[in-house]
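> got a sequence here, can you model it:
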Amino acid sequence: MSMTLEEAIEHAEDTAMSAIGCECREEHRQLAEWLKELAERRKQPEIIHCKDCKHKGTKNCVANAWTTIFGFGVKDDFYCGLAERRTE
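All right, here's what the predicted structure looks like:
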């Protein structure tokens with residue numbers, strides 16, 4: 001049976017609390033912290049990079065403006081900060 005992320009966090013925390021005198025206590029505490037960070041990151045909307053942005057190549061495209069004004073292009077993984085974020 002597989003656990004949900006929330007169950008894995010709870011299990012790691014419980015193990016860290018009950019593993020007194022065991023060297024795995026600190027490892028489970030760290031694991032719980034990493035799992036909490038993962039849970040928080042999953043709540044954040046995905047960043048859409050330049051290659052997938054609906055504004056690419058339009059007058060609203062920051063990368064296009066940088067190319068025009070400064071004379072250099074940007075890579076496909078560029079994120080201008082103005083693009084919409086994917087929340088699905």
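> can you pull out the strands in the protein?
Ranges of strands in the chain, per DSSP state E, are 46-47, 85-86.
> pick out the shakiest of those, pLDDT-wise.
Lowest mean pLDDT within these: strand 85-86, a mean of 54.
> which elements pack onto the top helix by length along the chain?
Scanning the chain for the longest helix, with DSSP state H as the assignment, gives helix 24-43. Packing partners of helix 24-43 (3 or more Cβ pairs under 8 Å, 6 or more residues apart in numbering; DSSP states H and E): helix 5-18. Every C-beta, even on glycine, is put in place using the N, C-alpha and C of the backbone.
> taking helix 24-43 as reference, get the angle to the helix it packs on.
Angle, helix 5-18 to helix 24-43, by axes from the mean of the first three to the mean of the last three Cα atoms, to 10 degrees: 160 degrees.
> CA atoms only: put helix 5-18 into PDB for me.
Only the C-alpha atoms of helix 5-18 are listed here, as PDB (Å, rounded to 0.1, in the frame of the first residue of the first chain):
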ATOM      1  CA  LEU A   5       2.600  12.800   0.700                       C
ATOM      2  CA  GLU A   6       0.900  13.900   3.900                       C
ATOM      3  CA  GLU A   7       1.000  10.400   5.300                       C
ATOM      4  CA  ALA A   8       4.700  10.100   4.500                       C
ATOM      5  CA  ILE A   9       5.400  13.400   6.300                       C
ATOM      6  CA  GLU A  10       3.500  12.200   9.400                       C
ATOM      7  CA  HIS A  11       5.300   8.900   9.300                       C
ATOM      8  CA  ALA A  12       8.700  10.500   9.100                       C
ATOM      9  CA  GLU A  13       7.800  12.900  11.900                       C
ATOM     10  CA  ASP A  14       6.500  10.100  14.100                       C
ATOM     11  CA  THR A  15       9.600   7.900  13.400                       C
ATOM     12  CA  ALA A  16      11.900  10.900  14.200                       C
ATOM     13  CA  MET A  17      10.100  11.400  17.600                       C
ATOM     14  CA  SER A  18      10.000   7.800  18.600                       C
END
